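> One predicted model, sequence on top.
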Amino acid sequence: MSAARTDSVDRPAAQAAQPLSRSRFSALKYRQFRRFWLGSMFAVGAFNMTQLAQGVLIFDLTGSALNLGIVGAATAGPTILVTLFGGVLADRVDRRKLLAATQLVLAAMLGLLATLVATGVIEVWHVYAIAVVSGLATGLDWPTRSAMFPSLIDDKADMMSAVAMSSILWQGSRVIVPTFGGLLIAAFGTATVFYIAAAAFVVMFFTLMSLRMPEPPARVIRNPFREFIEGVQYIRKTRIFAILILLTFANMFFGMMYIQLMPAYVDIFGGGASKIGFLFTAVGIGSVSGTFLVGKFQSAPRLGWIMLAGTFAFSMIILLFALSPSYFLAMGLAVAAGIFNSVFVISSMTVIQVKVPDALRGRVMGIYSITFSLISMGGLFGGIIASGSSVRVAIGVGAIILGVIVLFVAATQREIRILDGRDLAEGG
């Protein structure tokens with residue numbers, strides 16, 4: 001138990017000493033973080049635009065929900081494999097240069113894909129092959145990005161703000177980019193969207209090269225596999241990390257699979273790139289709303305229960321989403337799903353970022369970053385189910401499995417039930 005919680009006199013003093021931990025935007029006062037955050041708008045927008053356009057392209061080529069899952073797995077499989085050791089690399093080398101290199105690779109792959117589409121020679125295997133290479137680059141991008149931004153702020157009390165601003169960036173992109181991308185695809189085709197995304201990654205490359213960061217401390221270089229195992233052992237021994245990471249894995253794999261299956265789901269209501277974009281936007285609106293809402297709960301003494309409730313509510317809303325009889329009701333449910341899912345995702349990432357030691361940050365965040373790839377892997381699981389039944393059944397099965405897992409965790413894992421948000425507000 002935190003010493004601050006046992007001494008009611010010390011708590012107000014601690015809070016007064018760290019007032020910026022209460023400000024959602026305080027991380028933006030740091031020039032390097034602000035520049036990194038603004039540049040990341042382009043990279044994150046490119047990622048979300050690529051996800052939309054890639055799904056539309058593969059569904060146009062094949063008309064198959066299973067192929068949506070396969071192309072997602074073609075990206076996610078390599079991403080997961082590289083991410084496991086990408087965190088080790090992020091703890092060894094200059095993170096800024098490593099991240100910059102990944103931006104160039106992603107830009108080159110999207111430029112190639114755009115050209116294949118524009119010239120009319122695109123084939124399904126081209127999409128798969130480019131997805132694999134992009135997945136390898138993304139496997140280095142995500143853990144490096146997650147490990148780098150804490151180095152751009154000086155006060156750990158502003159970590160909650162940095163995590164929240166990162167989430168606002170991702171979720172805000174989901175509000176604007178899908179609608180814009182869907183309309184662009186409808187008007188000009190997927191090639192235009194891929195070219196724009198490639199250019200956005202180039203912008204992020206130049207942003208990274210303009211940053212001035214402190215030299216990483218000298219480290220004794222050891223066997224990379226041993227260093228990875230050290231990160232795994234730390235997570236295993238730090239039980240709250242193990243619980244949060246595994247629950248986040250389940251959340252993304254079973255609950256968020258509907259994101260990967262969105263083109264097939266929207267096809268139930270007549271299909272179209274613009275409809276897909278609007279539904280993605282609905283998810284983003286909910287997620288941004290949840291990002292602002294979660295600030296009211298992150299210092300709550302019963303934060304653990306709030307996180308569990310948010311995840312369970314998310315699973316039940318996705319079940320209703322799967323059964324929705326109308327497109328407009330589905331949009332409303334997508335907003336609600338984004339709100340409740342943000343409560344868990346943002347809070348869990350904040351806990352991990354605040355508590356992980358800097359020396360292990362790259363490795364722990366590398367393992368945590370697998371969560372984002374599991375959306376696509378869950379799409380493969382859902383695609384297999386959908387190929388034998390329907391996309392509604394696939395999404396519904398995933399939602400039910402997630403709900404059962406959350407109830408099991410709530411019943412058996414005391415560490416998350418007693419999680420106190422006041423400890424995070426105090427920076428530890």
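Everything's here; your move.

> hey, let's count contacts and neighbours off CA atoms from now on
OK.

> Report the contact partners of the closest residue to Leu320 other than its chain neighbours.
Distances taken as Cα to Cα, 6 or more residues apart in numbering put Leu333 closest to Leu320, at 7.5 Å, once the chain neighbours are dropped. Going by Cα atoms under 8 Å, 6 or more residues apart in numbering, Leu333 touches Ile317, Ile318, Leu320, Phe321.

> what's the following helix or strand after the helix or strand harbouring Leu333?
Per DSSP states H and E: Leu333 is located in helix 327-355. Using DSSP H and E, the next helix or strand after helix 327-355 towards the C-terminus is helix 361-368.

> contacting residues around Gly403?
Thr311, Phe312, Ser315, Met316.

> and the closest residue to the third one other than its chain neighbours, what element?
The one in question is Ser315. Distance criterion Cα to Cα, 6+ apart; nearest residue to Ser315, sequence neighbours excluded, is Ala399 at 4.8 Å. Per DSSP H and E: Ala399 is located in helix 391-412.

> least trustworthy helix or strand in this structure by mean pLDDT?
Using mean pLDDT, DSSP states H and E, the weakest-scoring helix or strand in the chain turns out to be helix 10-17, at a mean of 34.

> in the helix or strand following the helix holding Ala399, what's buried?
Using DSSP H and E, the helix or strand that follows helix 391-412 towards the C-terminus is helix 414-417. Residues of helix 414-417 classed as buried by neighbour count (16 or more other Cα atoms under 10 Å): Glu415, Ile416, Arg417.

> of these, closest to Glu230?
Closest to Glu230 out of these is Glu415 (22.0 Å), distances taken as Cα to Cα.

> which residue sits closest to the closest one, ignoring its sequence neighbours?
Ile240 (5.9 Å).

> okay, now that neighbour: neighbour count?
19 (other Cα atoms under 10 Å).

> I'd assumed Ile416 was in contact with it.
Yes - the criterion here is Cα atoms under 8 Å, and Ile240 meets it with Ile416 at 6.4 Å.

> element containing the residue nearest in space to the middle of the chain?
In the chain, the centroid-proximal residue (Cα atoms, centre = their mean) is Phe372; its distance is 4.6 Å. Using DSSP H and E, Phe372 falls within helix 370-388.

> That helix versus helix 391-412: what angle between them?
Put simply, helix 370-388 runs at 130 degrees to helix 391-412, going by axes from the mean of the first three to the mean of the last three Cα atoms, to 10 degrees.

> What residues of stretch 352-366 count as buried?
In stretch 352-366, counting by 16+ other Cα under 10 Å, buried: Ile352, Gln353, Val354, Val356, Leu360, Arg361, Gly362, Arg363, Val364, Met365, Gly366.

> Pull up the per-residue confidence for the residue nearest to Ala118 when sequence neighbours are not counted.
Once flanking residues are discounted, Ala118 sits nearest to Ala191: 5.6 Å by Cα to Cα, 6+ apart. The score at Ala191 is 93. That number is its pLDDT.

> Ok, Gly86 next?
64.

> Equivalent analysis for Met262, please.
On the pLDDT scale, Met262 gets 89.

> So it is in contact with Ile276, correct?
Yes - here Met262 reaches Ile276: they are 6.7 Å apart, a contact under Cα under 8 Å.
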